[in-house]
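K.L.:
I need the structure of the sequence given here:
(4 chains)
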Protein chains: 2
Amino acid sequence: MKITDAESLVMEALWKKHPRTSEDLILELAPRETWSEATIRTLLGRLVKKGAVEAKGEGRRYLYSPLIERSDYLHAESESLVDRLFGGEVAPMVANFAKNRRLKAKDIKALKKLLSELEDGDDK
Amino acid sequence: MKITDAESLVMEALWKKHPRTSEDLILELAPRETWSEATIRTLLGRLVKKGAVEAKGEGRRYLYSPLIERSDYLHAESESLVDRLFGGEVAPMVANFAKNRRLKAKDIKALKKLLSELEDGDDK
DNA sequence: CTCCACAATCTACATCTGTAAATCATGGCG
DNA sequence: CGCCATGATTTACAGATGTAGATTGTGGAG
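P.N.:
Numbers count the residues shown, from 1 in each chain, chains lettered A, B, ... in the order given. You can find the predicted model right below:
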């Protein structure tokens, strides 16, 4: 189930807070993304149709909630990138960030911490 | 300049080896991607038009070469992902991989090595 | 010189996306 | 009770994308 760029902005809003009405979503998204109400309603409709969002009837309006976890979405997207571009290897991808100076001292520190936790950690 | 999924497969083939003729590309890509010759020629044409590939005339056939660096492409794609989904922070993205068991001992080792090299390394 | 095989280019077309206007339905106000 | 505001749904439509058939142009075989 593919979530498009525009749709993902709606999902993010729903992950941040839910359930919410379309009106509520519109209040947040319309100005920020310069979208019309109709656009947001269309996106919501498409997301419901593809099973990514649930519309629970509350009177004649609905309350919308995400049906997929943000973490699953992150996982799938990341996975896809690393598979497509880095032969499924995480290290080369991080190396790529490093090469492009996207890793600052702060990041390196955070990563080292993360890695040491992983070592004496949960895994296996 | 946006390179689509289908186009990126042609780019990958060109990054692997270039310059090459369309025939050569077709030999490699048509079976693997189950594409017709025409499809590959269309993709090549679009890539040339958008300046991602150069077609250097050699008689009446061309020799095709990539005009953009694979490393730049990787960089842009990775950047876009981490910006869109992880607030521009690399560490959380790696953590996400970790959480999903995509980091095996091997990866962790590679990453630690990478990080220590970075520390006493080149940077600044 | 002429004709053709083949590369290149053009055209085609269904689907997907982004964006939004038009229409439908109904719960609540008067 | 009937009408309407408002949320939902349908329809619209241009541009992007995946995929490929139709057309063109020309270097080289004969």
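
K.L.:
Name the residues of the longest helix seen in chain A that are buried.
P.N.:
Longest among the helix segments of chain A by residue count, using DSSP state H, is helix A:70-86. Residues of helix A:70-86 classed as buried by neighbour count (16 or more other CB atoms under 10 Å in any protein chain shown): A:73-75, A:77-78, A:81-82, A:85-86. Backbone N, C-alpha and C define where each C-beta goes, glycine included.

K.L.:
list the buried ones in the next helix or strand after that helix?
P.N.:
Once helix A:70-86 ends, the next helix or strand along the chain (criterion: DSSP states H and E) is helix A:90-99. Within helix A:90-99, the residues that count as buried by 16+ other CB under 10 Å are A:90-98.

K.L.:
Now pLDDT too, for these, in a markdown table please.
P.N.:
Shown next, in a markdown table, are the buried residues of helix A:90-99 (pLDDT from 0 to 100):
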| residue | pLDDT |
| --- | --- |
| A:90 | 89 |
| A:91 | 88 |
| A:92 | 91 |
| A:93 | 90 |
| A:94 | 89 |
| A:95 | 88 |
| A:96 | 89 |
| A:97 | 85 |
| A:98 | 82 |
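
K.L.:
Quick check: the farthest pair among those residues?
P.N.:
Spatial extent of these (CB to CB) is set by the pair A:90 and A:98 at 12.7 Å.

K.L.:
I'd like the mean pLDDT over the helix or strand in which residue A:47 is found, please.
P.N.:
Element membership of residue A:47 [criterion: DSSP H and E] is helix A:37-49. For helix A:37-49, the mean pLDDT works out to 98.

K.L.:
Over to stretch A:59-70?
P.N.:
Stretch A:59-70 comes out with an average pLDDT of 93.

K.L.:
All set now, cheers.
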